[in-house]
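Enquirer: After the sequence you'll find the predicted model.
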Amino acid sequence: MSSDLETKATQSPLVPRLLALTASLIVLGAVVIYLDSAQDTIDVETEESMVNTLPVSVTMVTPKRHTIRVEAFASVTPRWQADITSAVSGRVIEVSMKALAGERVIEGTRLIRIEPSRYEVELTASELAVKQAELALWQAENARLLAKKQFQRDGRTPPNDLALKIPQFEIAKASLRQANARLNAAKQQLADTIITAPFSGFVTNRTISPGQSVSVGDKLLKLVDDSVFELVIQLGTRDWALLAHPLKGQQADILNSRGDVVAHARIREAAGFLDEKTRQHKIFLTIKATENAHILSGDFLKISLPGAAIENAISLPESARTQEGYVWFVDDQSRLYRTSPEILFRSNEQIIIKSPSLPKGQEKSVVTTPLASFLPGQEVRPLVSKQEKSGDGETN
């Protein structure tokens, strides 16, 4: 019996140890299971968070100095265009083939001739009148000298100018001047029976035919200049303020439908007044046809004018601006915020804006294709696209 008691005493300390070891294993298993499930939950939440964050395309922009261009449209008109009218009356005896509509003529080209016999007679009569006036003047001068010598021989003082025949002499001089003036007028009228081109250009319309009688002031044909063209641009006060003043003498670019420069114009004058009807500023430009042969009268052209240099401005793709006028940016915490900047200039699907919230030299992320569902403060996942190149200098 004593041996049984010794055996029980020997086994009694092992029971608590086994129980403690079993409990530890159970706790350790529970911890492992918990940590594994927690890790799976974190991975799922991370994946769900990435799926829920909206990806957006952004481009990096930096405020810089931009020299802008102001664009406008204008019609090409000839510098000279005239309705050629008759300065004399009579019957048309000759119409040159150069006077037909569509013909190009050189300055001085003979176009129309009016029957001249009437004016030849008047010229002959005027020449005769001049001869008679010269004779009368010679006679009056001779009479004046004789009267003067007579008074000198008699030793008397002439009582007045009439005694010396001075009034008759003055009348004879005036008569000669009048006769010469009539002679010049007769020569001009005879010369006006031949109508010549006052400048080089195209005949655009003819209203006269051989045998037709014309009176003074009747329209004969229309002639338009083709050597120098003019354009008139009208700008509002806002665009006027963006120009590089003074404009006179500067060069403007003429653009085609694709925005390419195809010709140049010279700014002749920039009027410092407002049009009474449109309340806009006028700019006058000239184009030499010899330098721009493809420019024709009547063309409707797009003109690019030199603009001022704008500091702290950025160039954005036009798609970055919403219909409501907002531009969306992404901050350092990948959250959206928007501004409504003023557009200074548009060109080649780019817009130039000036935003006081963007200090010079600080790079910002701009959303290139904003969505209507954007909300300020919304977290997004920015995807940087190829950076727009917009360095210092001129922005076209």
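Expert: Happy to help now that I have it.

Enquirer: mind listing what L221 touches?
Expert: 83-84, 99, 101, 111-112, 203, 205-208 (C-beta atoms under 8 Å, 6 or more residues apart in numbering). Bear in mind the C-beta positions are built from the backbone N, C-alpha and C, glycine included.

Enquirer: Could you check which helix or strand contains the spatially closest residue to P341 that is not a sequence neighbour?
Expert: Spatial nearest neighbour of P341, chain neighbours left out: I353 (4.0 Å); criterion: C-beta to C-beta, 6 or more residues apart in numbering. Following DSSP states H and E, one finds I353 within strand 350-354.

Enquirer: Break the chain down into its domains, please.
Expert: 54-68+309-394, 70-78+225-308, 82-115+199-224, 116-192 (automatic domain parsing).

Enquirer: about what we covered before: export the contacts of L221 to CSV and tack on neighbour count?
Expert: CSV is the format used below for those (neighbours: other C-beta atoms under 10 Å):
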residue, neighbour count
D83, 11
I84, 22
A99, 22
A101, 12
L111, 24
I112, 23
V203, 22
N205, 14
R206, 19
T207, 15
I208, 20
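
Enquirer: Which of the residues you listed fall within helices?
Expert: Among those, no member is found in helices (DSSP state H).

Enquirer: export those residues to JSON lines and tack on pLDDT and distance to L54?
Expert: Output for the contacts of L221, formatted as JSON lines (pLDDT from 0 to 100; distance: C-beta to C-beta, whole Å):
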{"residue": "D83", "pLDDT": "95", "distance to L54": "69"}
{"residue": "I84", "pLDDT": "96", "distance to L54": "72"}
{"residue": "A99", "pLDDT": "95", "distance to L54": "74"}
{"residue": "A101", "pLDDT": "94", "distance to L54": "67"}
{"residue": "L111", "pLDDT": "97", "distance to L54": "75"}
{"residue": "I112", "pLDDT": "97", "distance to L54": "78"}
{"residue": "V203", "pLDDT": "96", "distance to L54": "68"}
{"residue": "N205", "pLDDT": "95", "distance to L54": "66"}
{"residue": "R206", "pLDDT": "95", "distance to L54": "71"}
{"residue": "T207", "pLDDT": "94", "distance to L54": "72"}
{"residue": "I208", "pLDDT": "92", "distance to L54": "77"}
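
Enquirer: May I see those arranged in a markdown table, with distance to E127 as well?
Expert: Formatted as a markdown table, the contacts of L221 follow (distance: C-beta to C-beta, whole Å):
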| residue | distance to E127 |
| --- | --- |
| D83 | 33 |
| I84 | 29 |
| A99 | 31 |
| A101 | 39 |
| L111 | 28 |
| I112 | 26 |
| V203 | 36 |
| N205 | 38 |
| R206 | 35 |
| T207 | 35 |
| I208 | 30 |
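
Enquirer: Noted, bye for now.
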